[in-house]
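> Structural data only, the sequence is not supplied:
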C-alpha cells in the first residue's frame, strides 16, 4: 500500500471515527453487554503465541485479524487465534493480511498488539496511533532513542492507550522490591547491579535461501538491506528464539532484549520513569560487560556480572535486595521479602495482570502501568548503553533534552539510516 495514501486515510479515519473507540462511547468505563474490544495482531512469530493466549483470557476481547510477511507463520498464528476465540465461546473468524497497513484500515479494529522485530516497532506504532488504534507493543520499545520519542509523541497526539510489554511490572516480587527500595527498607540506595547479556553486534551471517512464503524485502523493511539467514527469521518448525535481536539494524543485543526488563525495574525503583542517567562510563577496552551509569542523585547503576543472571541487585546503606523472575531476596532482614508494607508506606501502581491492565485502561481511557513514556525511557537507557559500548568513551547524557552533552558524533547515533522514504516522524 502506498504509504502517503495510508497516512491520509488513517488521519481522516482517526479524527472522524476512532479517536474515541466505539466501546467507550457510553461514558467512562462503559462497555455494552454485547460489545468487545476487537484486536489485530501485527507480527506473529514466537512471542505472539504467548500473547494471544494471555490476552485472550481477558474478558471482552476478540481477535479479528493478524498480519505478517511470513505466510507460513501467519497461517499458524491464525489457527492458534481461532482456538483462543473458540475457547472464549466466540465464532469470530480471524482475517489474514500480509501488509499491516491493510489491517489498520479496518475501522472495526479497536486495538493492536505489535510483536514484530524491534526495527519495525516505531513505524508500526506510529501508523497504528494515526489510525486510531490503542497499542500493546513488545519490549524493547524502540531500536533508537529518536524512534522511541516519536512513538510517545504519536500516542499523545492521537490520545492512544499504549502499554509496553515490560510485564515484570505486573509481577508481585518486582513490585515488592521496588516498594521496599522506595520506602527506605535498605537505607539510601548507593549502587544497583544489573546482570544481562551483551551489547549489540554487527551481523556477519552468510546469506542463505529465503523460505518460500517469506517476503524478505518487506521483513527488512526500513532497515538497511542484508540477505536472509535462518537465525534472523527461523523457518516454521524451528522453535528457537529468532536472533535478529542480537544484530544492529534489527535489534540491540541482550542489552536491550533482557535489559529492557531489568533496567526497567531499576528505573522504576529510582523513580526515573521520565528521566535517566546523566553519565555513562564504559570499559576503556572492547568488552561485553562493565558499563556504569550514574544518575543525578548519585546512584550508580552497573552492567555487571554480580552472581545471578538476568537479575537486579540493589545495594543500600542498610542492606541489599536481589530480585529476578525466580527469587526475591533481602539482606540482612530475610523476612522483608514476604513482609507486608506499613499502611503509611508509599505505594506504586498495582497491576497483577499486564494484559488485563491494558484492557482495563482502554475501557477507562487511562494510562496503563507501562505507558509509552515509561517504555521509551527504559528503552533509551538500553539504546544509549549500546552507544557507550561502541564508542568506548565516557558520555554525558541530558535526560531532559534526550541528547549527549558536547558530543555531536554520539548524537548522530540517536537515530539510524533508513531505506527509501520511511519516516516515523511523519504524523
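Happy to help now that I have it. If you're wondering where the values come from, they're calculated on a predicted model, not measured in any experiment.

> What lies in contact with stretch 41-49?
With contact meaning Cβ atoms under 8 Å, 6 or more residues apart in numbering, stretch 41-49 is reached by 51-52, 63, 65-68, 70, 73-74, 76-77, 80-81, 100, 103, 112-117, 120, 124, 128, 138, 233, 239, 241-242. Placement of C-beta: from N, CA and C, glycine included.

> What is the end-to-end distance of that stretch?
Start-to-end span of stretch 41-49 (Cα to Cα, to the nearest Å) is 10 Å.

> Can you give me the buried ones in that stretch?
Under the neighbour-count criterion of 16 or more other Cβ atoms under 10 Å, stretch 41-49 has 41-45, 47-49 buried.

> Whichever of the contacts of stretch 41-49 end up buried, select them in ChimeraX.
In ChimeraX, a selection of the buried entries from those looks like this (16+ other Cβ under 10 Å):
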select :51,52,63,65,66,67,68,70,73,74,76,77,80,81,100,103,112,113,114,115,116,117,120,124,128,138,233,242
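
> Cross the contacts of stretch 41-49 against strands and list the overlap.
63, 65-67, 112-114 (DSSP state E).

> Tell me where the stretch 251-400 of the chain has strands.
279-281, 292-294, 300-303, 311-316, 319-323, 328-331, 395-398 (DSSP state E, counting those that start in this stretch).

> looking at those strands, which is closest to residue 354?
Between residue 354 and these, the tightest spacing by Cβ to Cβ is seen for strand 319-323, at 17.0 Å.

> Quick check: mean pLDDT of that closest one?
Summarised as a single mean, pLDDT over strand 319-323 is 98.

> Next, the angle strand 311-316 makes with that strand.
Orientation of strand 319-323 against strand 311-316 (axes from the mean of the first three to the mean of the last three Cα atoms, to 10 degrees) gives an angle of 170 degrees.

> who's in contact with strand 319-323?
With contact meaning Cβ under 8 Å, 6+ apart, strand 319-323 is reached by 173-174, 177, 180-181, 185-187, 265, 308, 311-314, 328-333, 336.

> Just checking: what are the partner strands of that strand?
The strands beside strand 319-323 in its sheet (DSSP bridges) come out as strand 311-316 (antiparallel), strand 328-331 (antiparallel).

> Leaving out sequence neighbours, find the closest residue to the spatially most central residue of the chain.
Among the residues of the chain, residue 139 comes closest to the average C-alpha position under Cα atoms, centre = their mean, at 2.1 Å. Leaving out its chain neighbours, the residue that sits closest to residue 139 by Cβ to Cβ, 6 or more residues apart in numbering is residue 260, at 4.1 Å.

> If you tally nearby residues, what's the number for the nearest residue to residue 422 once chain neighbours are set aside?
Spatial nearest neighbour of residue 422, excluding adjacent residues (Cβ to Cβ, 6+ apart): residue 222 at 3.8 Å. The number of residues packed near residue 222 is 20, by other Cβ atoms under 10 Å.

> Surely residue 222 is in contact with residue 117?
No: proximity of residue 222 to residue 117 does not meet the contact threshold set by Cβ atoms under 8 Å, at 11.1 Å.

> so where's the protein uncertain?
1-34 (pLDDT under 70).

> list the helices and strands the lengthiest helix in it packs on?
Criterion DSSP state H: the longest helix present in the chain is helix 372-391. Applying 3 or more Cβ pairs under 8 Å, 6 or more residues apart in numbering; DSSP states H and E, one finds that helix 372-391 contacts strand 134-137, helix 145-157, strand 162-164, helix 254-257, helix 259-270, strand 279-281, strand 395-398, helix 408-412.

> Redo the ones you listed as CSV? Include distance to residue 91 and mean neighbour count.
Converted to CSV, the helices and strands packed on helix 372-391 look like this (distance: least, Cβ to Cβ, whole Å; neighbours: other Cβ atoms under 10 Å):
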stretch, distance to residue 91, mean neighbour count
strand 134-137, 24, 27
helix 145-157, 33, 22
strand 162-164, 28, 31
helix 254-257, 37, 24
helix 259-270, 37, 26
strand 279-281, 54, 19
strand 395-398, 52, 18
helix 408-412, 53, 13
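
> Nearest to residue 304, out of the ones you listed?
helix 259-270 (11.4 Å).

> by contact count, what packs against the closest one?
helix 172-182, strand 189-195, strand 300-303, strand 311-316, helix 372-391.

> Using JSON lines, lay out these together with mean neighbour count.
Output for those, formatted as JSON lines (neighbours: other Cβ atoms under 10 Å):
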{"stretch": "helix 172-182", "mean neighbour count": "21"}
{"stretch": "strand 189-195", "mean neighbour count": "22"}
{"stretch": "strand 300-303", "mean neighbour count": "23"}
{"stretch": "strand 311-316", "mean neighbour count": "22"}
{"stretch": "helix 372-391", "mean neighbour count": "26"}
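
> Is it possible to get JSON lines of those that adds distance to residue 285?
As requested, those are arranged in JSON lines below (distance: least, Cβ to Cβ, whole Å):
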{"stretch": "helix 172-182", "distance to residue 285": "33"}
{"stretch": "strand 189-195", "distance to residue 285": "20"}
{"stretch": "strand 300-303", "distance to residue 285": "15"}
{"stretch": "strand 311-316", "distance to residue 285": "25"}
{"stretch": "helix 372-391", "distance to residue 285": "11"}
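
> Out of the helices and strands packed on helix 372-391, which is closest to residue 349?
Among these, helix 259-270 sits nearest to residue 349 (Cβ to Cβ), with 9.4 Å.
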